[in-house]
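>>> sequence and predicted structure, then a few things I'm wondering about:
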Amino acid sequence: MPKGVDVALPNRTIDRFRDRAAGGRALVEELARYSGRWDAVVLALPRGGVPVGYELAVALNLELDVLVVRKLGVPGHREVAMGALVSGGAVYRNEDIIRAAGVTAQQFDAVVSSERAELVRRELLYRGTRPPVVVEGRIVILVDDGIATGASMYAAVSALRSSGLAHVVVAVPVASPDARDFLEPVVDEFIAAMSPSPFYAVGQFYENFEQTNDDEVRDLLARAGRRVLA
């Protein structure tokens with residue numbers, strides 16, 4: 001995989017964002033080169049990433065969709081991730097964990113089948129009958145409201161690589177220095193408005209970090225879809 005470009009926005013004078021929408025707006029300038037490009041799309045990790053992604057998509061005149069990520073837990077030890085499943089069906093396998101845990105092909109496939117059902121349920125909840133956007137051959141801008149460890153984003157990137165995308169950008173309002181170092185080698189660009197130290201939790205960098213609910217996710221996706229069709 002290509003070594004990524006690590007971008008931290010210069011001259012930041014704030015230490016907290018008002019809310020997730022403000023966090024999304026803080027990323028617009030750095031991503032302006034993708035404005036209006038037919039081959040670029042914003043994918044947001046629900047739920048907290050959707051308000052961030054909506055602001056980016058509106059400002060840059062790009063499509064917005066969600067990328068649902070489901071962890072694939074080791075049978076009997078579900079907290080241990082042996083991979084991940086993402087929207088569109090792409091699967092990421094952590095072969096080291098699979099071998100260490102002695103997971104058989106049949107066991108792995110059974111977990112994928114179970115998590116796929118939940119992924120489909122969540123996609124229907126968020127997107128309804130609208131089909132997912134096509135990522136093959138496109139520039140994908142992956143966004144969330146922040147990154148603490150980077151595990152979910154790493155799984156999303158790893159799975160998406162098998163979908164034939166052309167270029168992947170991870171863009172977040174705030175990321176821990178450790179997450180930045182973890183993700184930078186596996187993406188083409190890594191953009192964080194802030195990467196402060198010490199870093200304890202994403203929520204410490206927001207004045208309003210109330211949970212984004214499912215209704216808000218559906219509303220923002222619907223509004224973004226109507227704007228594209230207009």
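Sure thing, it's come through. Owing to the predicted nature of the structure, the values given are computational and were not obtained by experimental measurement. Residues are numbered from 1 along each chain as shown.
>>> tell me the SS of Pro173?
Per DSSP: H, G, I helix; E, B strand; the rest coil, the local secondary structure of Pro173 is strand.
>>> that one contacts Ala26, correct?
Yes. Contact criterion C-beta atoms under 8 Å: Pro173 and Ala26 qualify, at 5.7 Å. In short, each C-beta sits where N, CA and C put it, glycine included.
>>> shared neighbours of those two, which are they?
Here Pro173 and Ala26 have 17, 193 as joint contacts, going by C-beta atoms under 8 Å, 6 or more residues apart in numbering.
>>> between the two, which one's more packed in?
Shown here are Pro173 and Ala26; by other C-beta atoms under 10 Å, Pro173 has more neighbours (27 against 22).
>>> state the pLDDT value of the closest residue to the more buried one other than its chain neighbours.
Closest residue in space to Pro173, ignoring its immediate chain neighbours: Gly23 at 3.1 Å, by C-beta to C-beta, 6 or more residues apart in numbering. Note on Gly23: pLDDT of 97.
>>> do the same with Ser176
What the model reports as pLDDT for Ser176 is 95.
>>> now do the strands in this protein.
Ranges of strands in the chain, per DSSP state E, are 5-8, 40-44, 63-66, 69-74, 77-86, 91-93, 139-143, 167-174, 189-194.
>>> tell me which of these lies nearest to Gly102.
Among the strands of the chain, strand 69-74 comes nearest to Gly102, with 9.3 Å by C-beta to C-beta.
>>> now that closest one, how far from the chain's geometric center?
Between the centre of strand 69-74 and the centre of its chain there are 15 Å (C-alpha atoms, centre = their mean, to the nearest Å).
>>> what about Gly164, neighbour count?
Count around Gly164 with other C-beta under 10 Å applied: 12.
>>> quick one: contacts for it?
Residues in contact with Gly164 (C-beta under 8 Å, 6+ apart) are 135-137.
>>> distance to Ile191 and neighbour count added to these, as JSON lines?
Listed next are these as JSON lines, based on distance: C-beta to C-beta, whole Å; neighbours: other C-beta atoms under 10 Å:
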{"residue": "Val135", "distance to Ile191": "19", "neighbour count": "21"}
{"residue": "Glu136", "distance to Ile191": "23", "neighbour count": "9"}
{"residue": "Gly137", "distance to Ile191": "22", "neighbour count": "11"}
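>>> so which of those comes closest to Arg223?
Nearest to Arg223, judged by C-beta to C-beta, of those is Val135 at 21.3 Å.
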